[in-house]
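Novice: sequence unknown, structure follows:
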């Protein structure tokens, strides 16, 4: 990239970025068995690897899971954790919860665990001296890079978080100091939904952005009369829903 | 978006996504005072707001900081935390550390704190029942969405993590249950560097991706002779450095 390329992207490149961001979905039920080529998988892993990281320590590892045996063990842990989870909800919420498909572990051709090595970079890491969780956050950035690149490649990704961390560590052989950040199901899909599944299924709704923006102090909101930014956000609302 | 648009993006859109991912930088020293229009700021905030979130709780808030007084208070906290941090390094590492510019708090026209409300969604949140840190991870995904959209808009972003969390909470008026996830400096830049600053300044180097990829079990690496994926990764290496 040209060192002095400091302006905004041209229209097509910019549109691509927003298409990935607004069209990204958490996929659970639309995986197809179509194999992922090494070329595509390599690119999306490189995308993950180019996430920002505290002190440039790159704390992530990528465990690519193709073995049916490993998938089955993880799936059993999901079933166990999901039964426990279900019992935490009551009444209609429990009925709705039970009806949701929350993972595609066995259907997705590839599962991927992105981890964080808490010891990477040694005991003193630039940028981690005040906030010791910064390395965990770096690995999450790698997850999001992966997810957006995958969307652009036509790959669906589903983050399965209803899994016991210790069980994941045991099944994947993670050392004590390595934290499983995200267990992802990855594959081509029959379709990408237009809206998040939890929205269409009536679990939760998208919050109005204006309510989440405050100025200089937390909770110091402004109205359309007071703030041209809030006026702009309200105008954009229809477009971004 | 068309519901059946399930293939890869066309070449220009795909290139845009990778351009943002590979060209994103942690900016500390190249901010210009050029103001950010409400239109652009609204778009990048919408991008952040469309991050994935556990149980679709959208735990983030966005505190937009334009006040010189707030910036100055945060900057003072940075100076304090950075002095403490510096003393943790020894010898040449300390000299190099001291020479690095690690924030652009006062120069960037906008500072932005992205937070995580630990109580959002109530006591039981879908997907957070096994891994209680999932909501923190959701807010980090919002940070990365923001960062990539900003890059595409020509905006530089720098994540300042050398700050005491309690001090940030006090200065920004965050309630006890709201965690400051990322304190970001945001603005147009004179240039985007070609490589991460910590790489060019000799602090750390990019790890070879092949060393970070294992198969089915953590640490179960494969060689170019054993794995066509690793072969592909090695081929791509030159391109992605």
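Specialist: Happy to help now that I have it. As the structure is a prediction and not an experimental result, all values here were calculated from the model.
Novice: Find the nearest non-adjacent residue to residue A:212, please.
Specialist: Ranked by C-beta to C-beta, 6 or more residues apart in numbering or on different chains and with sequence neighbours excluded, the top spatial neighbour of residue A:212 is residue B:61, at 5.0 Å. Heads up, the C-betas are built off the backbone N, CA and C, glycines and all.
Novice: tell me the contacts of the one you found?
Specialist: Counting by C-beta atoms under 8 Å, 6 or more residues apart in numbering or on different chains, residue B:61 touches A:212-214, A:218, B:114-115, B:117, B:178.
Novice: quick one: it from residue A:118, how far?
Specialist: Residue B:61 is 28 Å from residue A:118, where distance means C-beta to C-beta, to the nearest Å.
Novice: shaky segments in chain A?
Specialist: For chain A, the stretches flagged by pLDDT under 70 are A:1-4.
Novice: Tell me which residues touch the residue sitting nearest the centre point of it, please.
Specialist: Note on chain A: the residue nearest the mean C-alpha position is residue A:144, at 4.9 Å, using C-alpha atoms, centre = their mean. Contact partners of residue A:144, counting by C-beta under 8 Å, 6+ apart, are A:51, B:51-52, B:140-141, B:144-145.
Novice: Pick the one among the residues you listed closest to residue B:41.
Specialist: residue B:145 (14.2 Å; C-beta to C-beta).
Novice: My read is that the closest one contacts residue B:50, right?
Specialist: Yes: between residue B:145 and residue B:50 there is a contact at 6.5 Å, judged by C-beta atoms under 8 Å.
Novice: of those two, who's got more company?
Specialist: residue B:145 (28 against 23; other C-beta atoms under 10 Å in any protein chain shown).
Novice: Quickly find the element holding the more buried one.
Specialist: In this assignment (DSSP states H and E), residue B:145 forms part of helix B:134-152.
Novice: repeat for residue A:18
Specialist: Here residue A:18 sits within helix A:11-23, counting by DSSP H and E.
Novice: That helix vs chain B: in contact?
Specialist: Yes: under the criterion of C-beta under 8 Å from any C-beta of the partner chain, chain B is reached by helix A:11-23 at A:12-23.
Novice: Kindly reformat these as a markdown table containing neighbour count.
Specialist: Below are these laid out as a markdown table (neighbours: other C-beta atoms under 10 Å in any protein chain shown):
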| residue | neighbour count |
| --- | --- |
| A:12 | 13 |
| A:13 | 19 |
| A:14 | 20 |
| A:15 | 16 |
| A:16 | 25 |
| A:17 | 27 |
| A:18 | 23 |
| A:19 | 21 |
| A:20 | 28 |
| A:21 | 28 |
| A:22 | 17 |
| A:23 | 18 |
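Novice: any idea which helix or strand comes after the strand ranked longest in chain A?
Specialist: Longest strand of chain A, by residue count under DSSP state E: strand A:178-188. Next in sequence after strand A:178-188, counting helices and strands by DSSP H and E, comes helix A:197-200.
Novice: Identify the residues contacting that next one?
Specialist: By C-beta under 8 Å, 6+ apart, helix A:197-200 touches A:25-26, A:28, A:100, A:193, A:204-206, B:55-56, B:126.
Novice: Listing partners with orientation, what would you give for the longest strand of chain A?
Specialist: Strand A:178-188 has its sheet partners listed here by DSSP bridges as strand A:110-117 (antiparallel), strand A:155-160 (antiparallel).
Novice: what is the orientation angle of the first one with helix A:134-152?
Specialist: With axes from the mean of the first three to the mean of the last three C-alpha atoms, to 10 degrees as the criterion, the two stretches strand A:110-117 and helix A:134-152 enclose an angle of 160 degrees.
Novice: How about the shortest one?
Specialist: Inter-element angle recorded for strand A:155-160 and helix A:134-152: 140 degrees (by the same axes, to 10 degrees).
Novice: Name the residues of stretch A:191-203 that come out as buried.
Specialist: Across stretch A:191-203, burial judged by 16 or more other C-beta atoms under 10 Å in any protein chain shown covers A:192-193, A:196-198, A:203.
Novice: Out of those residues, the closest to chain B would be?
Specialist: Among those, residue A:198 lies closest to chain B (C-beta to the nearest C-beta), at 4.0 Å.
Novice: Break chain A into its domains for me.
Specialist: A:23-204, A:207-241 (automatic domain parsing).
Novice: ends of the first one, how far apart?
Specialist: Distance across domain A:23-204, first residue to last, is 18 Å (C-alpha to C-alpha, to the nearest Å).
Novice: same deal with stretch A:173-181?
Specialist: Taking C-alpha to C-alpha, the first and last residues of stretch A:173-181 lie 14 Å apart.
Novice: Identify the residues contacting that stretch?
Specialist: Contacting residues not belonging to stretch A:173-181 are listed as A:60-61, A:113-119, A:136, A:139-140, A:143, A:165, A:168-169, A:172, B:137, B:217-220 [C-beta under 8 Å, 6+ apart].
Novice: next one: stretch A:106-113
Specialist: For stretch A:106-113, contacts defined as C-beta under 8 Å, 6+ apart pick out A:29, A:31, A:33-36, A:41, A:62-66, A:68, A:70-72, A:74-75, A:105, A:146, A:156, A:158, A:168, A:172, A:180, A:182-187.
Novice: Buried ones from those residues, can you make that a ChimeraX selection?
Specialist: Only the buried entries of the contacts of stretch A:106-113 go into this ChimeraX selection, using 16+ other C-beta under 10 Å:
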select /A:29,31,36,41,62,63,64,65,70,71,74,75,105,146,156,158,168,172,180,182,183,184,185,186,187
